[in-house]
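Student: would you be able to build a 3D model of this:
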Amino acid sequence: MVRARRTPRRPGTLREFRLALGLAAADLALRVGMDQAAYERLEAGGRWTGTDRQAAALAAELRLPLPALIRFTGQEERLAELLISAATTRWQGYVRPVGKLAPLPRAVAAGAPGTARGTTRR
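Tutor: Below is the predicted model of the structure:
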């Protein structure tokens, strides 16, 4: 009998990302620069209260994909608003605010809106 191979499930919660890397909550909180209790509240489904630097450190320590970082920091609505505004007006003014929420290399963030519209100069 041949058994089907199961692909490993990707982590879906902060706790799952942390456990997949074998990190203790206290150690991760220290690395990110957060109080352990604040981190544990976040992991339990609490609201993000950290800084941009802490968000970047959290993403780096847990190797979070960008969509997960945005979700865990509660920035989905804000990012959607910025992207809609950027798509309907002069997008250049939105590069920095979007970059703060979605840490991408500046060249990528600056070139994407024009490419999406087909207006990028070559």
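
Student: what's in contact with stretch 52-66?
Tutor: For stretch 52-66, contacts defined as Cβ atoms under 8 Å, 6 or more residues apart in numbering pick out 14, 17-18, 21, 23, 28, 31-34, 48, 50, 69, 72-73, 100, 102-104. C-beta: built from backbone N, CA, C; applies to glycine.

Student: what comes up buried for that stretch?
Tutor: Gln54, Ala55, Ala57, Leu58, Ala59, Glu61, Leu62, Leu64 (16 or more other Cβ atoms under 10 Å).

Student: just the buried ones from the contacts of stretch 52-66?
Tutor: Using 16+ other Cβ under 10 Å as the burial test, those include Leu14, Phe17, Arg18, Leu28, Val32, Met34, Gly50, Leu69, Phe72, Thr73, Ala102 as buried.

Student: those residues in strands, which ones?
Tutor: Judged by DSSP state E, strands contain none of the buried ones among the contacts of stretch 52-66.

Student: for Ala59, see how far away Arg31 is.
Tutor: Applying Cβ to Cβ, to the nearest Å, the value for Arg31 to Ala59 is 12 Å.

Student: likewise Ala29?
Tutor: With Cβ to Cβ as the criterion, Ala29 and Ala59 are 15 Å apart.

Student: now swap in Leu69 and tell me
Tutor: On the measure of Cβ to Cβ, Leu69 and Ala59 end up 5 Å apart.

Student: for Ala107, give me the pLDDT.
Tutor: On pLDDT, Ala107 comes in at 60.
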